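output the structure for:
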Amino acid sequence: AGLWLEAACSFWFVSEAGRRQELMLVQMSELLAAHSSLPDDELVPHDDDLTEESR
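Residues are numbered from 1 along each chain as shown. Predicted coordinates:
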């Protein structure tokens, strides 16, 4: 019984880890897609505003 339980636990752990990794990959690709969809010249004025405020 102990061996079966151990096998079940390790199987659950592996599948759970795989599921979390999948979620992370999805989130990462969504972040990258959102970031790359912004044109560069829209990001630059933002930085200028920030530096002027901090001076």
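
hey, let's count contacts and neighbours off CA atoms from now on
Will do.

so in this structure, which helix runs the longest?
Longest helix in the chain, counting residues (DSSP state H): helix 2-36.

mind checking the pLDDT average for that one?
Mean pLDDT, helix 2-36: 91.

show me which residues of it are buried.
Residues of helix 2-36 include none that count as buried (16 or more other C-alpha atoms under 10 Å).

determine the set of other helices and strands touching it.
Judged by 3 or more C-alpha pairs under 8 Å, 6 or more residues apart in numbering; DSSP states H and E, helix 2-36 has no packing partners among the helices and strands.

what about residue 5, distance to residue 36?
46 Å (C-alpha to C-alpha, to the nearest Å).

I misspoke; the intended subject was residue 29.
Counting by C-alpha to C-alpha - residue 29 and residue 36 are separated by 10 Å.

please apply the same query to residue 10.
Going from residue 10 to residue 36 by C-alpha to C-alpha gives 38 Å.

and the pLDDT at residue 39?
Confidence at residue 39, expressed as pLDDT, is 62.

start the count at 28, not 1, going forward
Renumbered: residue one is now 28, and that last one reads residue 66.

who's in contact with residue 62?
By C-alpha atoms under 8 Å, 6 or more residues apart in numbering, the contact list for residue 62 is empty.

perfect, I'm done here.
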